[in-house]
Structures are given as C-alpha cells and as structure tokens.
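>>> no sequence on this one, just coordinates:
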C-alpha cells in the first residue's frame, strides 16, 4: 500500500487490517452486498466486477487481445491479471483452478 498525503503508511496499514477484519466477520451475502453498496460507488463496483470477469476470461483461455476488444480494457490491465494467474502460489490461480479445472480441464 502506498503512502500518500491523506494518510500515513501506518494509518493505511491499520485501516486495511480493519477492513479485512470487517469483511471476514460477515457471513452472509446480503450483508456483504450492503457493505459494498455503502462503501463503493457504482463505478467502483463495476471496475471490481470487470476485474473479476477479466480473470475469469484469462482462466478460460481467451487471448489478451480478445479480452481487450470484448471488454474494452487495456492490455496493461490484462497483462497484470495474466501475471497473477501465472504465480504458482497465487490466490486467484488457486481459486479459479478449483472452480474450473475439473470442469473445463484447463
């Protein structure tokens, strides 16, 4: 997390830990949806969902150029997602592998 003019590095670290604690304490989808709806704008949620779809597209084997064209996002963002999926111990790789590998034989 970067330090900037509106918070110290320590404030940012503590707030991030607090956010993670709040999110992990929520045990139902509607409560989590309410938190996200209060915390994020529609545009921020849309960006979040687009990133999820990007990772899904990559895991399903779509090319970066195809994703860029169909989703109207930069190759830079797609490359970042691709790097995340290549990390052997990466969370997204493990999550999407569990979700799709058995069914899609990826």
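Perfect, I can see it now. These figures come from a predicted structure and were not determined experimentally.
>>> For the rest of this, base every contact and every neighbour count on C-alpha atoms.
OK.
>>> what does the host helix or strand of residue 70 rub up against?
For residue 70, the enclosing helix or strand under DSSP states H and E is helix 64-71. Contact with helix 64-71 is made by 50, 54, 57, 58, 73, 74, 75, 78, 79, as judged by C-alpha atoms under 8 Å, 6 or more residues apart in numbering.
>>> Which is the succeeding secondary structure element to it?
Remark: after helix 64-71, the chain's next helix or strand is helix 75-86, criterion DSSP H and E.
>>> and residue 6, what pLDDT?
Looking at residue 6, its pLDDT reads 89.
>>> quick one, domains of this structure?
1-39, 41-106 (automatic domain parsing).
>>> Highest mean neighbour count across those domains, which stretch is it?
Among the domains of the chain, domain 41-106 has the highest mean neighbour count (mean count of other C-alpha atoms under 10 Å), at a mean of 14.
>>> The helix or strand bottoming out on mean pLDDT in the chain to helix 75-86, inter-axis angle?
Least confident element among the helices and strands of the chain, by mean pLDDT, DSSP states H and E: helix 91-104 (a mean of 76). Counting by axes from the mean of the first three to the mean of the last three C-alpha atoms, to 10 degrees, helix 91-104 lies at 80 degrees to helix 75-86.
>>> And for helix 91-104, what's in contact with it?
Contacts for helix 91-104 (C-alpha under 8 Å, 6+ apart): 55, 56, 59, 60, 84, 85, 86, 87, 106.
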